[in-house]
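Student: This is a predicted model, with the sequence first.
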Amino acid sequence: MNDKTTQVKFWERVEVLRDPARTFKELVEAAGIRLDVAQVMRRRNTLPPVHQICALARELGISVEWLMSSETMETLEQAINLNDGQRARIRALALKIMSAPSEIVADVEKSLNLD
């Protein structure tokens, strides 16, 4: 899990998932990471310690598994090209779906032909 590809994509995912109304500084500091340390890790493409990954996932409102998974990058690469309003809307929808009962998730999947 600590290969170079995962490391690079980790910071890309953090940036794509960050609420546009919140700065990178606000996000990392809320996760208990000093800004200068986070900037160095991002620049060097290194992963933070596990407890900081967990804190970032919590601040982003997603699971650690989702944050660490390189399989999600295709979708996130598409999200990079969205404007802030579109990103905020998609993020809000994703968070609602992730916390919805399984019946609602199944209905959404069916509506989107994902079943």
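Tutor: That came through, no problem. Since the structure is predicted, the reported quantities are computational estimates derived from the model, not experimental observations.
Student: Not counting sequence-adjacent ones, nearest residue to the residue nearest in space to the middle of the chain?
Tutor: Using C-alpha atoms, centre = their mean, the residue of the chain that lies closest to the mean C-alpha position is residue 17, 3.8 Å off. Residue nearest to residue 17 in three dimensions, not counting chain neighbours: residue 60, with 4.7 Å by C-beta to C-beta, 6 or more residues apart in numbering. All C-beta atoms are positioned from the backbone trio N, CA, C, and that covers glycine.
Student: Just confirm the one you found contacts residue 10, I think it does.
Tutor: No: under the criterion of C-beta atoms under 8 Å, residue 60 makes no contact with residue 10, lying 11.6 Å away.
Student: More neighbours: the two, which one.
Tutor: When residue 60 and residue 10 are compared on other C-beta atoms under 10 Å, the one with more neighbours turns out to be residue 10, at 24 against 21.
Student: what's near enough to touch that one?
Tutor: With contact set as C-beta atoms under 8 Å, 6 or more residues apart in numbering, residue 10 has these partners: 47, 53, 67-68.
Student: average pLDDT across the lengthiest helix in the chain?
Tutor: Longest helix in the chain by number of residues, with DSSP state H as the criterion: helix 84-99. pLDDT averaged over helix 84-99 equals 80, rounded to a whole number.
Student: Over to stretch 59-66?
Tutor: When pLDDT is averaged over stretch 59-66, the result is 85.
Student: Could you list the low-confidence segments of the protein?
Tutor: 1-8, 70-81, 115 (pLDDT under 70).
Student: what are the ranges of the helices in the protein?
Tutor: Taking DSSP H as the test, the helices found in the chain are 4-17, 24-30, 35-44, 50-60, 64-68, 73-80, 84-99, 102-111.
Student: elements contacting the fifth one?
Tutor: In this case it means helix 64-68. Where contact means 3 or more C-beta pairs under 8 Å, 6 or more residues apart in numbering; DSSP states H and E, helix 64-68 is packed against helix 4-17, helix 50-60.
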